[in-house]
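*Asks:* A predicted structure for the sequence below; I have some questions about it.
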Amino acid sequence: MSKLFTLQSKAIRAAQEERWEDAITLNQKLLAIDPKNIGALNRLGFAHLQINDHQEAANYYQQVLQLDSSNSVAKKYMDIIKNKLPVKLPKALRHSDFVDEPGKTKSTTLTRLAAPDVLNNLSVGLDCQLKSTESRVSVHCDGKYIGSLPDDLTARLQSLIEAGNQYSVKIQSLKNGSVIVFIREREKADNVMHITSFPTESNSAMNLEATDLAREEEDPVYMGETGDDEGENALDSESIEEALKKVYDQGDEDVEEDLDSDDED
């Protein structure tokens, strides 16, 4: 492993663990090797923001913009500094957050998307919530509407959520103008223990019949081997590569990868 990559990995890890002084030291070592390393400059700016040294943070972001006038990361944080806005900590991105569990997880593309200005503030790995109404099941992030689940999935989950099932949701992919979310069943209600949240359509229809929800006193019903096709339900590898590229090439703290395995190499 090259010295540059090792320093880069340690610098990102320090930021994830909020060791800002260590992050500053490590990124400065990176700059000593590569003075035009935009990722290191962006990370230095962010670390100085976290210790409330906004003047030094602005200095590093200005250096980025001198090298790359269109750099979105530097532009975003310069706007934050100028407008004295709060700075959100980055959210680490872990592959384990997207591990498929047959019958309990599903990736799906949202419909009825929110306006572009809302979608532009999303990042891969962001935690969201499901909200169920009579007409749809929608996804909300940071209290804002993002989009709705497809009609067939809405029809199924409405009944299960009403019955007491609980689900977690994360942004899985943001590309080509679409938003893909990863839904995981976190808790199953006693009266729907016999019902699989996400069966394959070949084994079970997506829509629930009223009789399915009326089996509270019956023995659990085995629904067969469940889970989505690998291609649809697996973590979008391209989106992860894009997320990592932002870390290494731009230093975008919104989508940082968990680098435990890299540090051990």
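*Replies:* Structure's in. What do you need?
*Asks:* where does this structure dip in pLDDT?
*Replies:* 1, 88-97, 201-265 (pLDDT under 70).
*Asks:* can you give me the strands in it?
*Replies:* For the chain, the strands defined by DSSP state E cover 92-93, 105-109, 127-132, 137-141, 144-148, 166-175, 178-187, 256-257.
*Asks:* So which of those has the densest surroundings on average?
*Replies:* strand 256-257 (a mean of 23; mean count of other C-beta atoms under 10 Å). All C-beta spots, glycine's among them, are computed from the backbone N, C-alpha and C.
*Asks:* hang on, the earlier thing: including distance to Q66, could the strands of the chain go into CSV?
*Replies:* CSV is the format used below for the strands of the chain (distance: least, C-beta to C-beta, whole Å):
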stretch, distance to Q66
strand 92-93, 29
strand 105-109, 39
strand 127-132, 35
strand 137-141, 34
strand 144-148, 34
strand 166-175, 28
strand 178-187, 34
strand 256-257, 24
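*Asks:* According to the record, where do the domains of this protein fall?
*Replies:* 3-91, 100-234 (automatic domain parsing).
*Asks:* Kindly compare burial across the ones you listed and name the winner.
*Replies:* domain 3-91 (a mean of 18).
*Asks:* and that domain, how far from the chain's centre?
*Replies:* Relative to its parent chain, domain 3-91 has a centroid offset of 21 Å by C-alpha atoms, centre = their mean, to the nearest Å.
*Asks:* same thing with stretch 182-193?
*Replies:* 21 Å.
*Asks:* One more: stretch 134-154?
*Replies:* With C-alpha atoms, centre = their mean, you get 17 Å for stretch 134-154.
*Asks:* Residues touching that stretch, excluding its own?
*Replies:* 106, 108-114, 118-119, 121-122, 126-131, 157-158, 161, 169, 171, 179, 181, 206-207 (C-beta atoms under 8 Å, 6 or more residues apart in numbering).
*Asks:* And it, end to end?
*Replies:* End-to-end distance of stretch 134-154: 10 Å, with C-alpha to C-alpha, to the nearest Å as the criterion.
*Asks:* Out of the strands of the chain, the one nearest A58 is which?
*Replies:* strand 256-257 (21.9 Å; C-beta to C-beta).
*Asks:* can you give me the helices in the stretch 1-150 of the chain?
*Replies:* 3-16, 20-33, 38-50, 54-67, 72-83, 116-119 (DSSP state H, counting those that start in this stretch).
*Asks:* Let me have those in a markdown table, adding distance to I146 as columns.
*Replies:* Formatted as a markdown table, the helices of the stretch 1-150 of the chain follow (distance: least, C-beta to C-beta, whole Å):
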| stretch | distance to I146 |
| --- | --- |
| helix 3-16 | 25 |
| helix 20-33 | 31 |
| helix 38-50 | 25 |
| helix 54-67 | 28 |
| helix 72-83 | 19 |
| helix 116-119 | 7 |
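*Asks:* List just the one of these that sits closest to E101.
*Replies:* The nearest among the helices of the stretch 1-150 of the chain, by C-beta to C-beta, is helix 3-16 at 25.5 Å.
*Asks:* Show me what that closest one is packed up against.
*Replies:* Using 3 or more C-beta pairs under 8 Å, 6 or more residues apart in numbering; DSSP states H and E as the contact test, the elements touching helix 3-16 are helix 20-33, helix 38-50, strand 256-257, helix 260-264.
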